[in-house]
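> Make a model of this:
(2 chains)
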Amino acid sequence: NAGVTQTPKFQVLKTGQSMTLQCAQDMNHEYMSWYRQDPGMGLRLIHYSVGAGITDQGEVPNGYNVSRSTTEDFPLRLLSAAPSQTSVYFCASSRLGELFFGEGSRLTVL
Amino acid sequence: KQEVTQIPAALSVPEGENLVLNCSFTDSAIYNLQWFRQDPGKGLTSLLLIQSSQREQTSGRLNASLDKSSGRSTLYIAASQPGDSATYLCAVNIDYGQNFVFGPGTRLSVLP
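Numbers count the residues shown, from 1 in each chain, chains lettered A, B, ... in the order given. A predicted model of the protein is given here:
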């Protein structure tokens, strides 16, 4: 009954460091996506994937990288962290247009 | 470009009241609309999904309606309880599973 699982839940980075936020789903959904949620900005789409081997950019892709080697996993990589990337990150999967979210990963970049 | 707004931004009501949350979207060409609940520090929990061909969906004390032509959806909560306190967000699906546009949310407080 896991649904969408994100790790880690909390992370503190220094400017310039890189890291990967992990996302896995066990519902066999083809569509997966990453959002960031900031106060006053709402949820904004970073990258999404419509199936293994296929990814595309969302509204705010700069500074982030994704890959989709399997249906289950969709990691989000921060290449060189910046304070502007301090945010809460949500992974989601979708079937027939219905979104299912993970619990979120709170990232602070100092 | 599709834009989604939610009114009011915040709402405080006494326990037991029936209440309505509003969601408006600018482009009626949507595939579905989904209502979510978000508790502080938590993820988004799906409440109701309304397909574009449907007029309403019900789950327990929740009823969501959709008027595509006017670009509006409402979430009706009957007999509100303190446990209903959360932020409620609506999202429209504009590209069948690939593109979702979210509203900013309504923060609801139900006072005991």
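
> Please make it C-alpha for all contacts and neighbour counts, starting now.
Noted.

> List the neighbouring strands of the helix or strand bottoming out on mean pLDDT in chain B plus their orientation.
Within chain B, judged by mean pLDDT, DSSP states H and E, the helix or strand with the poorest mean is strand B:100-102; its value is a mean of 90. Strand B:100-102 has its sheet partners listed here by DSSP bridges as strand B:86-93 (antiparallel).

> Outside of the partner strand itself, list whatever touches it.
Applying C-alpha atoms under 8 Å, 6 or more residues apart in numbering or on different chains, the contact partners of strand B:86-93 are A:97, B:4, B:6, B:23, B:25, B:30-40, B:99-109.

> likewise stretch A:31-42?
A:43-51, A:74, A:76, A:87-95, B:97-98, B:102-105.

> Show me which of the residues you listed are buried.
A:43-51, A:74, A:76, A:87-94, B:97-98, B:102-105 (16 or more other C-alpha atoms under 10 Å in any protein chain shown).

> Out of the residues you listed, name the ones that lie in strands.
Judged by DSSP state E, the buried ones among the contacts of stretch A:31-42 include A:43-51, A:76, A:87-94, B:102 as members of strands.

> what about residue A:45, distance to residue B:79?
Distance of residue A:45 to residue B:79, given as C-alpha to C-alpha, to the nearest Å: 35 Å.

> Tell me the residues on chain B that lie near chain A, please.
Chain B has residues B:31-32, B:34, B:42-46, B:49, B:93, B:96-98, B:102-105 near chain A, with proximity defined as C-alpha under 8 Å from any C-alpha of the partner chain.
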